[in-house]
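Colleague: whatever this is, show me its structure:
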Amino acid sequence: MRNDLEAYDDIIESVSSHIKLTENLGDYATGEILREQLVELEKYAHDAGNFLVRDSLTLW
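Modeller: Reported below is the predicted structural model:
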């Protein structure tokens, strides 16, 4: 699960940079599509992080 969370972080960083790139090139429609995908990726990453926190608390 930790590896998944790290992968989400890498993907989120990449998508964020691609949003900037597409908008700098004037392609605002693609930027908006990527932004929508970014929101979903951040939700999944947040859920994965919450799962890890809950899981680690049960070990105590």
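Colleague: buried residues, the helix or strand of the chain with the lowest mean pLDDT. List them.
Modeller: Across the helices and strands of the chain, mean confidence by mean pLDDT, DSSP states H and E is lowest for helix 28-57: a mean of 88. Judged by neighbour count using 16 or more other Cβ atoms under 10 Å, the buried positions of helix 28-57 are 31, 34, 38, 41, 45, 48. Using the backbone N, CA and C atoms, a C-beta is placed for each residue, glycine as well.
Colleague: show me what it is packed against.
Modeller: For helix 28-57, the packing partners by 3 or more Cβ pairs under 8 Å, 6 or more residues apart in numbering; DSSP states H and E come out as helix 2-24.
Colleague: buried residues of the helix it packs on, list them for me.
Modeller: Neighbour-count burial for helix 2-24 [16+ other Cβ under 10 Å]: 5, 8, 12, 19, 22, 23.
Colleague: quick one on the thing from earlier: quick one: which two of the buried residues of helix 28-57 are the most distant?
Modeller: Spanning the widest gap among these are 31 and 48, at 25.4 Å by Cβ to Cβ.
Colleague: residues in contact with the closest residue to residue 9 other than its chain neighbours?
Modeller: Leaving out its chain neighbours, the residue that sits closest to residue 9 by Cβ to Cβ, 6 or more residues apart in numbering is residue 45, at 6.8 Å. Going by Cβ atoms under 8 Å, 6 or more residues apart in numbering, residue 45 touches 5, 8, 9, 12.
Colleague: I'm done for today, thanks for sticking with me.
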